[in-house]
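[1] Quick one: sequence plus predicted model below, questions after.
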Amino acid sequence: MPADVTTTPVPAAITTPSKVEAGIGALEFTDGYPTGETAGKLRDHLDYLHGVETFMNTVQGVSTYAIREGFLEAGVKDGDVLLFSELMDSRSLFLTGNADTVYFWFFLDLAQGPQVVEVPTETLGCIDDMWFRWVTDFGLPGPDRGQGGTYLLVGPGYDGPLPEGGCYVRHSRVNHVVALGRAFINENPGDDPAPTVARIKEQLKIYPYAPGGVGSSIGAYLTGKGPLGQPATVPSTRFVEGTGLAMNTLPPADFGHYELLDALVQLEPAEALDAELAGQFAALGIVKDETFAPDARLRKILDDAVAVGNAASRTLAVGAHPTDGFRYYDEDSSWWNPLFAGGFEFTNPPPEITANGVKPYPNKGARQLHSRTSMFYVATGVTPAMCMRLTGVGSQYLISSIDPDGEPFDGAKTYRVSLPKDIPAARFWSFTLYDNQSRSMLQTEQRYPRAGSQEYPSPAAEAESDGRTVVYFSPTRPDDVAPGNWIQTDPERGWFVILRLYSPLQPFFDKTWRAGEVEVVG
């Protein structure tokens, strides 16, 4: 090179040394070009990383798909309603279901056209898509505000006419949606669910939308703005009894996770997903309209990846990382909830409710990935009503998985928790115990592993003379403890507990009322 030609020095920081020591071993290059061994090692490691990320970032979609598969295997088809007329018990496997409200669940297929849902009065419900993205609330937090209403659910491929009014129109990014409703029994004599069940069966209606019928005026037809049709024929809704039904709705924690993910990708339009997220599992061969058939090399890598992905997700789902900000009170308390870190969209904490109105937190523009994984590994359904700081509406949840010494709960020991007087729940409160492994209701001789203010399906908890309510968790009921103040544990199984507050009150949000810690007493 001529001496008068100016060159730019190459900084060492932008170069790759001939040998790099990394956690996966030595990586070797020839003047920046990888050796064959290094290229193969990095290919395997990237597949491993994509496998872990894919598992942790698709827990929500695979969970929803698994629920629908469980419904179909139990004979509950799309459009059928799974109704728990005597409340949910521990016989079925559902992620952290409750034994306090009358559940009604159903899936809808919007690929053949929009669907109409007439929801019953006095319910608390949400409709999510197959990726557990919120579509709408209904009932008390929804636009019908608990008065009952008509919802029109529209899928991504529909471009036909829509009604001028008479219903709440909601659009889904995917063809299949899931509706989860809860109806209350606390206002019925003896907390009897029968009147609530009768109301649901009478008022809940599901049927295809009839373009040009109710909601579309004659004037719209005459001015060329829509067709002229007849009112929809409303068929009888098929209800399937859920109480006592043994069914599995849980997603697999092994290679089957990727198989269910592939099935979900094939089920819905390619546009249903963010391209960045879809790129993670496309790198593994999970692509719309393509066959997922990993070779022996990739299969072995994915078996390792799912083991780590599941272990990491489970760790997040038990609140084992205090630095994630899941603890509700402070670091000395074991009560936690991941939604207060990321909100229902897993981006920002839920806004504060002040005397001057809603005060949102600054948007940091980042998804709270740990909050999302934690939430959907342990629970189902998402809605603003699950974490809003508004009193008297919705529900709030606190989870405890460890004692004050940081030890996980042992099913062979006896524990006690004390709730101060004036428990801040206008409708009802309850504890429910769950199996650590299945995250479903703990299965013991006690069919409904719960205690709370309602007297059904187990006796109501009795308060102490000073107003405190003390509940025990143990294999056998301690002497002098009322039946309603005890939940049975299994000596062979670990467990965790959820405190539910329905229609929570201000002392919960400002933390002037604070739940006691779950302490071992024997």
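    Structure's in. What do you need?
[2] Report how many residues lie close to residue 303.
    14 (other CB atoms under 10 Å). All C-beta atoms are positioned from the backbone trio N, CA, C, and that covers glycine.
[3] Mind picking out the helix or strand in the chain with the poorest mean pLDDT?
    Ranked by mean pLDDT, DSSP states H and E, the weakest helix or strand in the chain is helix 218-222, scoring a mean of 79.
[4] Can you name the next helix or strand after that helix?
    strand 239-241 (DSSP states H and E).
[5] For the least confident helix or strand of the chain, give me every contacting residue.
    Applying CB atoms under 8 Å, 6 or more residues apart in numbering, the contact partners of helix 218-222 are 164, 212, 226-228.
[6] in it, what's buried?
    In terms of neighbour count (16 or more other CB atoms under 10 Å), helix 218-222 has its buried residues at residue 220.
[7] mind saving the C-alpha coords of that helix as PDB?
    The C-alpha coordinates for helix 218-222 follow below in PDB (Å, rounded to 0.1, in the frame of the first residue of the first chain):
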ATOM      1  CA  ILE A 218     -84.200  -0.700   7.300                       C
ATOM      2  CA  GLY A 219     -82.900   2.700   6.500                       C
ATOM      3  CA  ALA A 220     -79.300   1.300   6.200                       C
ATOM      4  CA  TYR A 221     -80.600  -1.200   3.700                       C
ATOM      5  CA  LEU A 222     -82.500   1.400   1.700                       C
END
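[8] ok, which stretches of the protein are helices?
    Using DSSP state H, the helices of the chain run over 36-57, 59-73, 194-203, 218-222, 256-267, 275-282, 296-317, 339-342, 369-378, 506-509.
[9] Nearest to residue 463 among these would be which one?
    Closest to residue 463 of those is helix 506-509 (CB to CB; 16.5 Å).
[10] Residues contacting that closest one, please?
    Contacts of helix 506-509 (CB under 8 Å, 6+ apart): 353, 389, 391, 396, 422, 424-425, 501, 513.
[11] pLDDT, distance to residue 68 and neighbour count added to the residues you listed, as CSV?
    Output for these, formatted as CSV (pLDDT from 0 to 100; distance: CB to CB, whole Å; neighbours: other CB atoms under 10 Å):
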residue, pLDDT, distance to residue 68, neighbour count
353, 88, 35, 15
389, 90, 32, 20
391, 91, 35, 16
396, 94, 28, 25
422, 97, 41, 11
424, 98, 36, 21
425, 97, 32, 21
501, 97, 30, 22
513, 98, 39, 18
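[12] Specify which member of those residues is nearest to residue 8.
    Nearest member of the contacts of helix 506-509 to residue 8, counting by CB to CB, is residue 389, at 56.4 Å.
[13] Distance check, that closest one against residue 511.
    According to CB to CB, to the nearest Å, residue 389 stands 11 Å off from residue 511.
[14] Residue 451 now?
    From residue 451 to residue 511 the distance is 23 Å (CB to CB).
[15] ok so, going back, please tell me how far the least confident helix or strand of the chain is from the chain's geometric centre.
    43 Å (CA atoms, centre = their mean, to the nearest Å).
[16] again with stretch 287-300
    With CA atoms, centre = their mean, you get 28 Å for stretch 287-300.
[17] With stretch 45-57 instead?
    The answer for stretch 45-57 is 22 Å, by CA atoms, centre = their mean.
[18] quick one: average pLDDT of it?
    In this model, stretch 45-57 has a mean pLDDT of 98.
[19] which parts of it are buried?
    Neighbour-count burial for stretch 45-57 [16+ other CB under 10 Å]: 45, 47-48, 50-57.
[20] Distance to residue 371 for those - can I get that in CSV?
    Below are those laid out as CSV (distance: CB to CB, whole Å):
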residue, distance to residue 371
45, 27
47, 27
48, 24
50, 22
51, 22
52, 18
53, 16
54, 18
55, 16
56, 12
57, 12
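[21] how about stretch 329-347: buried residues?
    333-344, 346-347.
[22] of all those residues, which two lie farthest apart?
    334 and 347 (26.1 Å).
[23] rewinding a little: name the stretch among the helices of the chain that sits most buried.
    helix 369-378 (a mean of 24; mean count of other CB atoms under 10 Å).
[24] ok now it, how far from the chain's centre?
    8 Å.
[25] What average pLDDT does it get?
    On average, helix 369-378 scores 96.
[26] Give me the contacts around that helix.
    56-57, 59-60, 63, 95-96, 132, 312-314, 316-319, 321, 324, 326, 338-339, 341-342, 346, 382, 399, 439.
[27] so what's the residue most central in space within the chain up against?
    Geometric centre of the chain, nearest residue: residue 380, 2.6 Å, by CA atoms, centre = their mean. Listed by CB under 8 Å, 6+ apart, the contact partners of residue 380 are 63-64, 67, 94-96, 132, 180.
[28] same question, residue 62
    Per CB under 8 Å, 6+ apart, neighbours of residue 62: 251, 257, 260-261, 264.
[29] Out of the residues you listed, flag the one nearest to residue 481.
    residue 251 (36.8 Å).
[30] Distance of that closest one relative to residue 313?
    For residue 251 relative to residue 313 (CB to CB), the value is 10 Å.
[31] Need the residues touching each of those two.
    With CB under 8 Å, 6+ apart, residue 251 and residue 313 have common neighbours residue 59.
[32] Tell me, how many residues neighbour residue 127?
    The local packing of residue 127 (other CB under 10 Å) involves 25 other residues.
[33] per-residue confidence at it?
    Value listed for residue 127 in the pLDDT field: 98.
[34] partner residues bridging it?
    Listed by DSSP bridges, the beta-bridge partners for residue 127 are residue 136, residue 179.
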